[in-house]
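K.L.:
Take a look and give me a structure for this.
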Amino acid sequence: MNWGTKIIIGMGIAMTLVVTAGIYMVSHDTDSLEDVDYYEKGLRYDEVYQQKENVTRDHAKAHVSIQKGDLKIVFNNEHNEGTLRLLRPSDRSLDRKFRFSALRTYEVPIHHLKPGAWRLELEWQHKGKHYLQDEVFYVND
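P.N.:
I've put the predicted structure just below:
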């Protein structure tokens, strides 16, 4: 076998690998950087921005801490109700959602959560005004 044949065989193998990789990438079309409901979130952007501004303007940021295996949220005002979402960036199937109605403090047990980084989305209302707060927290073993 001469060197020309070896070059043709090598190019054929390289092209086969590239085509196989392309087919694999197209057939496994999972983009973890794109939200499933990105369109709805885009339409709701002004509302979300206003809710985050309400937190800043009214000095209503809730204090979030982890104490004795519980996620403790302390609000500045009384009579708050809303939704708490615990989102796992690496695995959407681990996401949790809680509805709450709390005077000033709300606690959620987190001992069942997988260790690592979590994102907290706290959406609540107080006296008809809507607020939204995002934070990242870490669960240790």
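K.L.:
V136 versus E123, what's the distance?
P.N.:
Remark: distance between E123 and V136 (Cβ to Cβ, to the nearest Å) = 16 Å. Heads up, the C-betas are built off the backbone N, CA and C, glycines and all.
K.L.:
neighbour count winner among these two?
P.N.:
Each of E123 and V136 has its neighbours counted (other Cβ atoms under 10 Å); E123 has more, 15 against 10.
K.L.:
What lies in contact with stretch 133-141?
P.N.:
52, 55, 61-62, 64, 66, 71, 110, 113-123 (Cβ atoms under 8 Å, 6 or more residues apart in numbering).
K.L.:
So the residue nearest to K61 when sequence neighbours are not counted: helix, strand or coil?
P.N.:
For K61, ignoring the flanking residues on the chain, the nearest one in space by Cβ to Cβ, 6 or more residues apart in numbering is V55 at 5.4 Å. Following DSSP: H, G, I helix; E, B strand; the rest coil, we place V55 in the helix state.
K.L.:
wait, what's in contact with V55?
P.N.:
K61, Y131, L132, Q133.
K.L.:
Count the residues that sit near S65.
P.N.:
By other Cβ under 10 Å, the residues close to S65 number 10.
K.L.:
do the one 10 residues further on as well
P.N.:
A count of nearby residues for F75, using other Cβ under 10 Å, gives 21.
K.L.:
Surely it is in contact with T105?
P.N.:
Yes: in this structure F75 lies within contact range of T105 using Cβ atoms under 8 Å: 7.4 Å.
K.L.:
How about residues contacting stretch 74-87?
P.N.:
So stretch 74-87 is in contact with 59-63, 65, 71, 73, 95-106, 108, 110, 113, 118-127, 131, going by Cβ under 8 Å, 6+ apart.
K.L.:
So which of the residues you listed belong to strands?
P.N.:
Counted as lying in strands by DSSP state E, out of these, are 63, 65, 71, 73, 96-102, 105-106, 108, 118-126, 131.
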